[in-house]
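# Have a look; sequence and predicted model below, questions after that.
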Amino acid sequence: MDLTFNKNEDFHKTTLAELRQKLGRVAWGGGKDKLAKLHAQGKWSARERIDYLLDPKSRRLEIGALAGEDMYAEQGGCPSAGVVVVVGYIQKRLCVVVANDATVKAGAWFPMTAKKNLRAQEIAIENHLPIIYLVDSAGVYLPMQDEIFPDKEHFGRIFRNNAKMSSMGITQIAAIMGSCVAGGAYLPIMSDEAIMVDKTGSVFLAGSYLVKAAIGESIDNETLGGATTHNSISGVADYKAKDDRDALDRIRKVMGSLGHKPTAGFDRIKPEVPTYPQEEILGHLPTSVATPYDMMNLIEGLIDKDSWVSYKEDYGKTILTGYARIEGWAVGIVANQRSIIKSAQGEMQMGGVIYSDSADKATRFIANCNQKRIPLVFLQDVTGFMVGSKSEHGGIIKDGAKMVNAVANSTVPKFTVIVGNSFGAGNYAMCGKAFDPRLIVAWPSAQLAVMGGKAASQVLWQIEQERLIKSGVAIDDAVKDKMIGEITERYTKQTSPIYAAARLWTDAVIDPRETRTWISMGIEAANHNPDIAPFNMGVLQV
């Protein structure tokens, strides 16, 4: 190991320690005091419920752990957007679990809460996975109702998805383990089966105070919509559980009895370990997003040993394409190459940039993977498409459009890992969030933006400079340096992977050493959906 390798490793270990610290804080939800209050009511927290429900020591993927991070300071914060979403195993069946966190504003729905719930349902729909709802929520956070209630991707879309999933035969099970009021009452009751916890679970369109105000009737919440009422009188619920443990045990029993369905048939053989230990990935990743490196060094740490088969190795070298295996699953990999390399014509090409030949190669490879029903993995470290007269005259827009078209119309499952830069149209061509990857994650080294920080800061400064001049403000070097510093700081914050994860532009910020697990479980999930449409590129400029 050389000195650079050791420096890289130390740098990324420090960054990962900071990430773990942030995730540890988020895992406490509303804090220890709120958790103690919940326990005093005889209830478990969202994470405790999930831990008990999932198979012991089984692998899991947490979706959106950083959702809402630093977004709701005026409202007192909303850790994990007030809901925990996990893809994991129940009775060895892969499923999605959605649990309201009652320690965060009594489980009230913020705008990001709705977005995160919709993402959970999207994962269940795309992969035909059973979905479990552990309901404990006070309903919509009223001060922000205009950002949650009426639009297409707001609260109501969740119930629409309930109905759609039911028609698709996707299993939905709900456990009502706390409050479930107003419009939110439809979610568990639109599920296939609903379990209510006695004395702590309640379902009603309007609580006792609102009933009193609306129609003058005096009644307590338990009589109005408790477990006994809905199991013995209304018939709304299907089971009454004595406590959280009993409710979760019932879910496990139901999950254990599910019939097996056809799969997509993605190929898997006995897994092999990578060429080098996972820990060494950190040493191969530079500390700066501007430092050239060989992407193949990272690929060798992610794929099964000796499984790489390069496609068009000597053509379009700023993108690497090849067949490989990850934990035994066959995959097609499309990865940006950040090294400065020579083209077939002997010209030097900048790393991380997509040229016409590399776009053409990637397009052909994506089509091949669709033809062969091989899932695609995109490793992003891209600064965009090549610009300039030579590229424009050579048809870079046309070749880039072909690549974007191939990614958009690809019907095999796609998985995206943002390793470093993810800028501009390069983000789109390399299967950014807008292009429906089944899972999309970022490493702590990632940056997401329309352009790099240095270039963006200069553009933003020029705009600000013109405004100041028109306003008659004198500009000297001190003012300029101060303004550029402020612009750069603001822009840098907006490009961070935490900022992206807070808004669910990615599903998670992960330790690079966990990448194999995310891709492997993602393909396993995708294998549950046998319906793969034919691949059709549509109209192209050739």
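Nice, thanks for sending it over. Numbering: from 1, shown residues only.

# packing partners for the strand or helix carrying G283?
When elements are assigned from DSSP states H and E, G283 belongs to helix 281-284. Where contact means 3 or more C-beta pairs under 8 Å, 6 or more residues apart in numbering; DSSP states H and E, helix 281-284 is packed against helix 3-27, helix 295-302. C-betas here are computed from N, CA, C, even on glycine.

# Now tell me what touches the helix or strand following the last one from outside.
Spelled out, it's helix 295-302. Counting by DSSP H and E, the next helix or strand C-terminal to helix 295-302 is strand 309-310. The contact list for strand 309-310 (C-beta atoms under 8 Å, 6 or more residues apart in numbering) reads 320-324.

# go again using 6 Å as the cut-off
By C-beta atoms under 6 Å, 6 or more residues apart in numbering, the surrounding residues in contact with strand 309-310 are 322-323.

# now do stretch 228-241
By C-beta under 6 Å, 6+ apart, the residues outside stretch 228-241 that reach it are 189, 193-198, 203, 227, 247, 250.

# Would you format the residues you listed as TSV with pLDDT, distance to E313 and secondary structure included?
Below are the contacts of stretch 228-241 laid out as TSV (pLDDT from 0 to 100; distance: C-beta to C-beta, whole Å; DSSP: H, G, I helix; E, B strand; the rest coil):
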residue	pLDDT	distance to E313	secondary structure
I189	88	57	helix
E193	95	53	strand
A194	96	56	strand
I195	97	56	strand
M196	96	60	strand
V197	96	59	strand
D198	95	65	coil
V203	91	60	coil
A227	91	64	helix
A247	98	55	helix
R250	97	55	helix
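
# can you tell me which of those residues lies nearest to D2?
Of all those, A247 has the smallest distance to D2: 55.5 Å, by C-beta to C-beta.

# In stretch 150-164, which residues are buried?
154-158, 161-162 (16 or more other C-beta atoms under 10 Å).

# just to revisit the earlier point, so how far is the helix holding G283 off the chain centroid?
In this view, helix 281-284 has its centroid 23 Å away from the chain centroid, taken as C-alpha atoms, centre = their mean, to the nearest Å.

# Where does the prediction get shaky in the stretch 1-150 of the chain?
1 (pLDDT under 70).

# whoops, the stretch 201-350 of the chain was the one
The stretch 201-350 of the chain contains residues with pLDDT under 70 at 343-348.

# in it, which spans are strands?
239-241, 309-310, 319-326, 329-336, 341-342, 348-349 (DSSP state E, counting those that start in this stretch).

# which residue packs closest to M521, ignoring adjacent ones?
Distances taken as C-beta to C-beta, 6 or more residues apart in numbering place L61 nearest to M521, at 5.7 Å, with adjacent residues excluded.

# Settle this for me: the one you found is touching V87, isn't it.
Yes. Using C-beta atoms under 6 Å as the test, L61 is close enough to V87 to be in contact (4.4 Å).

# out of these two, which sits in the more crowded spot?
V87 (27 against 23; other C-beta atoms under 10 Å).

# who touches the more buried one in this structure?
Residues in contact with V87 (C-beta under 6 Å, 6+ apart) are 61, 96.

# Check for me that it belongs to a strand.
Yes. Assigned with DSSP: H, G, I helix; E, B strand; the rest coil, V87 falls within a strand.

# excluding its backbone neighbours, what's nearest Y72?
Distance criterion C-beta to C-beta, 6+ apart; nearest residue to Y72, sequence neighbours excluded, is C78 at 4.4 Å.

# how near is that neighbour to H154?
16 Å (C-beta to C-beta, to the nearest Å).

# again with K43
Here K43 is placed at a distance of 28 Å from H154 (C-beta to C-beta).

# what's the answer for E392, then?
The gap separating E392 from H154 is 42 Å, by C-beta to C-beta.

# picking that back up, K402 is nearest to which of the helices and strands packed on helix 281-284?
Among the helices and strands packed on helix 281-284, the nearest to K402 by C-beta to C-beta is helix 295-302 (22.2 Å).

# relative orientation of the closest one and strand 329-336 in degrees?
Per axes from the mean of the first three to the mean of the last three C-alpha atoms, to 10 degrees, the angle that helix 295-302 makes with strand 329-336 is 160 degrees.

# so what's G322 closest to, chain neighbours aside?
Excluding the flanking residues, the one nearest G322 by C-beta to C-beta, 6+ apart is S310, at 4.5 Å.

# shaky segments in the stretch 351-500 of the chain?
Checking the stretch 351-500 of the chain against pLDDT under 70 turns up nothing.

# residue ranges for the strands of it, please.
Here the stretch 351-500 of the chain has its strands, by DSSP E, counting those that start in this stretch, at 353-354, 376-382, 384-385, 414-423, 439-442, 447-449.

# Need those strands in TSV (columns: mean neighbour count and distance to V98).
Compiled in TSV, the strands of the stretch 351-500 of the chain are given as follows (neighbours: other C-beta atoms under 10 Å; distance: least, C-beta to C-beta, whole Å):
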stretch	mean neighbour count	distance to V98
strand 353-354	24	37
strand 376-382	27	26
strand 384-385	22	36
strand 414-423	27	21
strand 439-442	25	16
strand 447-449	22	26
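
# In TSV: these, plus distance to L16.
Below are these laid out as TSV (distance: least, C-beta to C-beta, whole Å):
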stretch	distance to L16
strand 353-354	28
strand 376-382	18
strand 384-385	28
strand 414-423	14
strand 439-442	13
strand 447-449	17
